[in-house]
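Engineer: need coordinates for the following:
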Amino acid sequence: MSRELAGYVWWTFVALWGVIRLPHVLHARTEPIRATQRDLRDRIARSAAVFGLGIIPGAYTIIHFPMAADRAHLPVLAWAGACLLAISLWLFYRTHHDLGRRFSASLEIRREHTLVTTGIYARVRHPMYTAFWLWAVGQALVLPNWFVALAGVLGMAYLFAARVGREERLMEREFGDQYRTYMARTARLLPGIY
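Structural biologist: Below you'll find the model as predicted:
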């Protein structure tokens with residue numbers, strides 16, 4: 001895979017990511033909210049991820065900045081990254097499919113919200129974050145630039161650190177022992193590891 005093709009591959013996955021998410025975002029706007037933690041901290045965390053996983057790599061593919069941070073383009077790494085992006089996209093689709101009407105891009109509980117413990121959520125509590133981590137690593141391999149790689153990993157690290165604990169506390173408050181039991185039998189991101 002050439003450097004130019006790698007940029008097109010990244011954009012293709014971004015477009016598919018949007019196709020998966022957009023209907024769920026539009027539908028979520030019609031569902032009344034019962035509890036929320038949408039605040040400045042959450043907005044900053046989401047913005048960090050958008051910049052690191054979207055805006056900075058997108059700008060790099062268009063204007064090739066910062067060129068000084070380029071690394072050698074190795075086609076085998078680009079293909080490995082494309083495979084990780086594909087796995088990330090599949091996992092992203094599964095999370096949206098399994099959440100259905102309970103999807104929210106922010107820290108929110110819908111009025112008719114029930115705890116999802118089936119599908120991909122049967123083994124992992126936060127598979128969407130797993131998808132984002134896979135995206136960050138895949139992006140770092142597909143786009144041969146150290147700044148882009150660092151932006152993706154740091155953006156995702158900030159999002160994860162700022163949200164996961166708050167999200168789990170919100171779910172524990174809303175679902176009590178049901179969520180605590182669910183936490184005891186599932187991993188946060190990777191079954192059997194973490």
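Engineer: what kind of secondary structure is residue 115 in?
Structural biologist: coil (DSSP: H, G, I helix; E, B strand; the rest coil).
Engineer: what is the neighbour count of it?
Structural biologist: When counting by other C-beta atoms under 10 Å, one arrives at 16 neighbours for residue 115. For glycine as for every other residue, the C-beta is placed from the backbone atoms N, C-alpha and C.
Engineer: dihedrals phi and psi, the closest residue to it other than its chain neighbours?
Structural biologist: If the residues on either side of it in the chain are set aside, residue 115 comes closest to residue 175, at 5.0 Å by C-beta to C-beta, 6 or more residues apart in numbering. For residue 175, the backbone dihedrals are phi -120, psi 0 (criterion: degrees, to the nearest 10).
Engineer: what number of residues lie near residue 175?
Structural biologist: Applying other C-beta under 10 Å, we find 17 residues neighbouring residue 175.
Engineer: pretty sure it is in contact with residue 117, am I right?
Structural biologist: No: the criterion here is C-beta atoms under 8 Å, and residue 175 misses it with residue 117 at 10.0 Å.
Engineer: tell me where the protein has helices.
Structural biologist: 3-28, 40-50, 56-63, 75-99, 127-142, 146-175, 177-185 (DSSP state H).
Engineer: can you pull the buried residues of the second one?
Structural biologist: So that's helix 40-50. Buried residues in helix 40-50, defined by neighbour count with 16 or more other C-beta atoms under 10 Å: 42, 45-46, 48-49.
Engineer: same check on the longest one?
Structural biologist: Judged by neighbour count (16+ other C-beta under 10 Å), helix 146-175 contains these buried residues: 147-149, 151-153, 155-156, 158-160, 162-163, 167-168, 170-171, 175.
Engineer: output the contacting helices and strands for it.
Structural biologist: With contacts taken as 3 or more C-beta pairs under 8 Å, 6 or more residues apart in numbering; DSSP states H and E, helix 146-175 sits against strand 33-36, helix 40-50, helix 56-63, strand 108-110, helix 127-142, helix 177-185.
Engineer: and the first one, which strands flank it?
Structural biologist: Pairing partners of strand 33-36, with direction, according to DSSP bridges: strand 108-110 (antiparallel).
Engineer: got a list of contacts for the strand it pairs with?
Structural biologist: 28, 31-38, 101-102, 104, 170-171, 174 (C-beta atoms under 8 Å, 6 or more residues apart in numbering).
Engineer: from residue 166, how far off is the residue nearest to the spatial centre of the chain?
Structural biologist: Closest to where the C-alpha atoms of the chain average out (C-alpha atoms, centre = their mean) is residue 132, at 2.9 Å. Residue 132 is 16 Å from residue 166, where distance means C-beta to C-beta, to the nearest Å.
Engineer: about what we covered before: for residue 169, see how far away the residue nearest to residue 115 is.
Structural biologist: Distance of residue 175 to residue 169, computed by C-beta to C-beta: 11 Å.
Engineer: circling back to that earlier point, among the contacts of strand 108-110, who's most crowded?
Structural biologist: Neighbour tally across these (other C-beta under 10 Å): the maximum, 21 neighbours, falls on residue 171.
Engineer: understood, closing this out.
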